[in-house]
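Asks: Give me coordinates for this.
(one chain, ligands or ions: 1)
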Amino acid sequence: MTDRELINKARDAAKYAYAPYSRFSVGAALECDDGAVYTGCNVENAALGCTICAERTAICKAVSEGRRRFVRLAVYCGGNDYCVPCGTCRQVLHEFAPTIELLCARGNGSYVSYRLTDLLPAAFGGEFLN
Ligand code: THU
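Replies: Modelled structure (predicted):
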């Protein structure tokens with residue numbers, strides 16, 4: 001799958017965003033090592049802290065169906081800024097895919113790519129607990 005195709009899946013997933021409070025719709029598309037893709041959108045809540053980001057929706061969908069090896073994640077939101085994962089989502093991604101490639105797209109479809117290691121250096125992981 002091309003970067004563009006994965007970003008398009010993230011863009012399509014943003015259409016399902018439940019974001020009545022922020023009115024900021026986000027979509028994510030998470031690619032597994034076998035090419036399967038799991039999408040997600042942000043799901044807000046009146047108790048704002050209960051909100052779940054698009055990236056974590058996608059990760060939880062995938063993990064709950066037995067997937068744990070991820071190679072790329074596209075994130076899309078409308079607007080002029082490239083949509084980068086929040087700190088919590090970076091940490092959750094680190095659990096499963098510490099070197100995953102991130103495609104961070106904006107409204108006009110252009111994107112920048114990062115490695116998670118660049119966005120979450122010196123991360124805390126399971127090895128600290130062993
Ligand atoms: N949000 C995401 O879904 N992913 C991000 O990477 C950044 C923020 C959501 C959470 C909330 O519903 C809205 O965007 C505004 O913060």
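Asks: Up against the ligand, what does this protein have?
Replies: Applying CB under 6 Å from any ligand atom, we find that the chain lies next to the ligand at 19, 22, 24, 26, 42, 44, 51, 53-55, 75, 83, 85-86, 89. In this view, the C-beta of every residue, glycine as well, is placed from N, C-alpha and C.
Asks: try 8 Å
Replies: Residues of the chain lying near the ligand by CB under 8 Å from any ligand atom: 17, 19, 21-22, 24-26, 28, 41-44, 51-57, 75, 77, 83-86, 89.
Asks: And the strands in the chain?
Replies: Using DSSP state E, the strands of the chain run over 26-32, 37-41, 70-77, 101-105, 111-115.
Asks: Same list, these, but as a markdown table with mean neighbour count and mean pLDDT please.
Replies: Formatted as a markdown table, these follow (neighbours: other CB atoms under 10 Å; pLDDT from 0 to 100):
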| stretch | mean neighbour count | mean pLDDT |
| --- | --- | --- |
| strand 26-32 | 26 | 98 |
| strand 37-41 | 23 | 98 |
| strand 70-77 | 25 | 98 |
| strand 101-105 | 23 | 98 |
| strand 111-115 | 15 | 98 |
